[in-house]
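Visitor: Provided below for reference: sequence and predicted model.
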Amino acid sequence: TVLILDVNDIPEGSINDQVIQHIDTIDMPHNTAQTEDDRFLYVSHEADAHPVTIWNVTDLNNIEAAGEMSVHVERSTIPHNVYINGDLMWMSYYSEGVVSYDIGVDPTNPTLIGHYDTSTFDTGFHGVWGIYPYVPDNVNVTYASDIEAGLFYLELTDYDPVFEANVTGGNNGPAPDSSN
């Protein structure tokens, strides 16, 4: 279950008093990311062969399932975290590395535009665990932390939402700006 809380004005007492809605979803919900227009919510499910589910949350009194997506589900891959930056959705996907999607045209049917696999493993809790796609003034860049291989700087190049983009990466990218 995913709980939706109103945290605008938290009174003394239990945070449970702030629950305004819930979403009954499949097992192991782990992380959520909402589109910048607040219309859609993506929920990662941190378990073998589980998808990222997509929810229409335009009306919190009538939340509707809008779709789901997976990367190489036949290998029992595991999605970890989903992030939204503008019209781009970035995901850390353990053994699948980093994937990026264009959600600007249709948030319920994301278009794969980039994929970079940092791991030699095909499945399991190996590979990219965390990402940071909020580099100032550059939505096409993310930092990725690989459990076994370290830090990667990845940049979408030749970005075109119609075609899969090339992704560059490596351990020698610029350091993150710690002032933000």
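Guide: Sure, I can see it.
Visitor: direction included, what does whichever strand in the chain runs longest pair up with?
Guide: Longest strand of the chain, by residue count under DSSP state E: strand 150-157. The partner list of strand 150-157 in its sheet, established with DSSP bridges, is strand 141-146 (antiparallel), strand 166-168 (antiparallel).
Visitor: surely Thr58 meets Thr35?
Guide: No: assessed by CB atoms under 8 Å, Thr58 is found out of contact with Thr35, at 10.2 Å. Glycine gets a C-beta too; all of them are placed from N, C-alpha and C.
Visitor: more neighbours, these two?
Guide: Higher neighbour count among Thr58 and Thr35: Thr35, with 18 against 13, using other CB atoms under 10 Å.
Visitor: contacts for stretch 60-68?
Guide: Contacts to stretch 60-68, defined as CB atoms under 8 Å, 6 or more residues apart in numbering, come from residues 4, 20-21, 23, 40, 51-57, 107-109.
Visitor: give the contact list for the closest residue to Phe125 other than its chain neighbours.
Guide: Spatially, and ignoring its direct neighbours in sequence, Phe125 is nearest to Tyr94 (5.9 Å; CB to CB, 6 or more residues apart in numbering). Residues near Tyr94 by CB under 8 Å, 6+ apart: Thr77, Ile78, Pro79, His80, Ser119, Thr123, Gly124, Phe125, His126, Gly127, Val128, Trp129.
Visitor: on the three-state scheme, the third one is what?
Guide: Remark: Pro79 carries the secondary structure label coil [criterion: DSSP: H, G, I helix; E, B strand; the rest coil].
Visitor: my guess is it contacts Val52. True?
Guide: Yes: at 5.1 Å, Pro79 and Val52 qualify as touching, with contact defined as CB under 8 Å.
Visitor: so for these two, which residues contact both of them?
Guide: If you check Pro79 and Val52 against CB under 8 Å, 6+ apart, the residues they both contact are Ser44, His45, Ser70, Met91.
Visitor: before we move on, back to that, comparing the strands paired with strand 150-157, which yields the minimum mean pLDDT?
Guide: Lowest mean pLDDT within these: strand 166-168, a mean of 35.
Visitor: sketch out the low-pLDDT regions of this protein for me.
Guide: Residues of the chain meeting the criterion pLDDT under 70: 13, 159-180.
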